[in-house]
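# Below are the sequence and a predicted model; questions follow.
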Amino acid sequence: MSKLKATTLIDSGPPRVSGYRAYVLALALTAIALVVRLPLLAALAGIQPFATFYLSVALSAWWWGTRPSILAALGGLIAGIFFFLEPRLTFEAGSLLPIVVYLFFSTTFIALIRQARKSESASRANVRRVEATEGELQQRRALLDGLAASVLDGILIVSPDEKMIYANDQFQQMWKFPPDVLASNSDEVALKWAETQVADPQAFREGVARAYSDRETAIRGELRMKDGRVFDRYGAPVINKGVHYGWVWTFRDVTEHKQTEEALRESEEHLRTLFTREADTRQTLVLAMEAGHIGTFAWNVVEDRHVWSKETEQFFGYAPGEFSGTTESFLERVHPEDRDWLRKTLYSRFEKRQTAFSSQYRAQRPDGSVTWLSVRGRVDYSSPGVPGRVIGVMVDISAMKQSEEALDHARNQLASHAANLEVMVAERTAKLTETVHELEAFSYSLSHDMRAPLRAMKGFAQILESEYTTQLPPEACGYLKKISRAAGRLDQLIQDVLTYSHILRGQIELKPIDIDKLARQLIEENPALQPPKAVIAITSPCHPVLGHEAYLMQVLSNLVYNAVKFVRPGQLPEIRIWTETVGSEVHLFVKDNGIGIPKVAHERMFGMFQRYHSEKTYEGTGIGLTIVRKATERMGGQVSIESEPGQGSTFRVQLQKA
């Protein structure tokens, strides 16, 4: 609208007239000039007789054209000669000069003004054309912008010097360029950022380089993005009359289309597989029915017509083609004891509109042999309450019935054996209970009756050694020391056996145990495990486990005391305790710098009374590791060892995580 108003202002001015009216107006303008000049006659005193007529000539030339202006000039000439030229109506030399000057300037004014008028008209026409062109260009630009905004494709226009001069909203949304990349208007900057988004940056860059190197060939291909999207990219040069104006790139998101194609391809492959499987299944079914002697039947209830397979006819003892296909001929071969029941069952199903059915009955052949049949089928109803068709399969289960009879017989025998077994179990349980009581009595005897004489022997030997050393020969003193040590070893052995027995038979309830606290308690309560006798490092935090506190303390103390005991003479025991989580388990490690154990003896060391070193070298009962394994197993875990002679040992105790 603003451009239309500007054009109207440029075209405004005196209205153009044509024909005689232009001449009349020119003469009227000359008359006005004459009227204006008359009051100035006395003042000018005859000077410039044609002064006011120049304006009428100029205005006539500007407004109405060349001819009316010539008429105005002639009118002014006549009026000037008649009214203002001195001497009047003469053509002396003095009066000719103003006339010539007037005619010269009038002619010049007319020519210049007409030329200016033409230039002004041409300029105005050019302005109108430019404004019309600008309006058309703006209209086309608006249409192009609207078109670019309405399409689903992303559009990018690149200048010959590789500057981004246009990108629609779809392009920006598809590529999600950062604001600084778009603000740069640099195609090179945009390409570098785009390479971080595509799945194959090298192929992407090569495609762009190939397009820019050949300014006459379009390029098209797919772009796969890292986020899984797929773009159909098309780039074409813009060439007009041999001049290259840049490139236009379009991008279409074909992800859904590709996914649909892939789904369609998979669907076709799936259908092809299903068809193949169906054909195979049918063939397999036929072979299976033939191999398994499965018969089929179809009964048209309305027409009372039965169609049997070859196997079904054989079940009922019919030769091929002998079966008439009626219900009565079918029931004739059903065992007499099952015939009435089967007839009532069939029609009862029809009344109840049952669709699926299964039953078992006997078929009696003409030779008197009986076959047990298992039948499964389906009823199709042609109208409400009216059965139309019955189809199904049947199989000979005579062998199964014989097996059931044999199974019933075996079940009866098994029940008899079970009763006898219960009696035997009760008797053996009583004996086992008696044995357990005897073991408990033996354990009590070990704990009290047997340990008391040992303590007495050890006590008396120590008294003799301390009070009569000076009176006894050295050899007798040595014997007393041996007696004391032997009694101590036997007492320790009895204690270890009692501990093992208690772990073996004791009641156990697993609870969360803080290994860190338990290990530090063990060290604090035993001076033999503290510096300068030993250095024990605990790597905290130790993960809690599900276990029994007393059993776990027994495991830790046995492993730690073994680590302190089995070291080279003069070597300071160094022990490290830590845990690791492995899935739902916590692995407790006890590592020492001791003498180590050969790999061949690893498993044997967990056996009862097993020793690798002689008792003279390292004292012990050979039960400590047996107690460790049994206590760990009672807590639902397991124990293992990694060791080499001279390299120390690492014991691993695997328990459930708390």
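Everything's here; your move. Residues are numbered from 1 along each chain as shown.

# just checking, what's the longest strand in the protein?
In the chain, assigned by DSSP state E, the strand with the most residues is strand 370-383.

# any idea which helix or strand comes after it?
Later in the chain than strand 370-383, the nearest helix or strand by DSSP states H and E is strand 386-396.

# Surely R362 is in contact with L373?
Yes. With contact defined as C-beta atoms under 8 Å, R362 reaches L373; the gap is 7.2 Å. In this view, the C-beta of every residue, glycine as well, is placed from N, C-alpha and C.

# Neighbour count for these two, which is higher?
L373 (21 against 18; other C-beta atoms under 10 Å).

# P237 and H602: what is the separation?
Going from P237 to H602 by C-beta to C-beta, to the nearest Å gives 79 Å.

# what about the two, which has more around it?
Between P237 and H602, P237 has the larger neighbour count (other C-beta under 10 Å), namely 19 against 15.

# Bridged to that one, which residues?
Per DSSP bridges, the residues bridged to P237 are W247.

# doesn't R215 make contact with it?
Yes. The criterion here is C-beta under 8 Å, and P237 meets it with R215 at 5.0 Å.

# got any residues that touch both of the two?
H244 (C-beta atoms under 8 Å, 6 or more residues apart in numbering).

# Look up which helix or strand L625 falls in, please.
Using DSSP H and E, the element containing L625 is helix 624-634.

# That helix - what's its average pLDDT?
For helix 624-634, mean pLDDT is 86.

# Ok, stretch 308-321 next?
Confidence for stretch 308-321, expressed as mean pLDDT, is 87.

# Now it: buried residues?
For stretch 308-321, burial by neighbour count (16 or more other C-beta atoms under 10 Å) applies to W308, S309, E311, T312, E313, Q314, F315, F316, G317, Y318.

# And the strands in the stretch 401-550 of the chain, which stretches?
511-513, 535-538, 545-547 (DSSP state E, counting those that start in this stretch).

# Those strands: which one's closest to N300?
strand 545-547 (69.8 Å; C-beta to C-beta).

# Other residues contacting that closest one?
With contacts defined as C-beta under 8 Å, 6+ apart, strand 545-547 is touched by 510-513, 515, 552, 579, 586, 588, 635-637, 655-658.

# again, only using 7 Å
L510, P512, I513, I515, V586, M635, L655, Q656, K657, A658 (C-beta atoms under 7 Å, 6 or more residues apart in numbering).

# can you state the direction angle for whichever strand or helix holds M553 and helix 624-634?
Assigned by DSSP H and E, M553 belongs to helix 549-565. Relative orientation of helix 549-565 versus helix 624-634 (axes from the mean of the first three to the mean of the last three C-alpha atoms, to 10 degrees): 150 degrees.

# Paired strands for the helix or strand just after helix 549-565, with orientation please.
Moving toward the C-terminus from helix 549-565, the next helix or strand (DSSP H and E) is strand 574-582. According to DSSP bridges, strand 574-582 forms sheet pairs with strand 535-538 (parallel), strand 585-592 (antiparallel).

# Now the ones you listed in a markdown table, please, with extra columns for distance to T133.
Shown next, in a markdown table, are the strands paired with strand 574-582 (distance: least, C-beta to C-beta, whole Å):
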| stretch | distance to T133 |
| --- | --- |
| strand 535-538 | 91 |
| strand 585-592 | 85 |
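
# Any chance of the ones you listed in TSV with mean neighbour count as columns?
Conversion of the strands paired with strand 574-582 to TSV gives the following (neighbours: other C-beta atoms under 10 Å):
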stretch	mean neighbour count
strand 535-538	16
strand 585-592	21
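
# how about those strands in JSON lines, adding mean pLDDT and distance to M424?
Output for the strands paired with strand 574-582, formatted as JSON lines (pLDDT from 0 to 100; distance: least, C-beta to C-beta, whole Å):
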{"stretch": "strand 535-538", "mean pLDDT": "93", "distance to M424": "54"}
{"stretch": "strand 585-592", "mean pLDDT": "94", "distance to M424": "41"}
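
# Out of the ones you listed, the one nearest Q413 is which?
Nearest of these to Q413, taken as C-beta to C-beta: strand 585-592 at 47.1 Å.

# if we look at that closest one, which residues are touching it?
Contacts of strand 585-592 (C-beta under 7 Å, 6+ apart): 515, 543, 545, 559-560, 563, 573, 575-580, 648-657.
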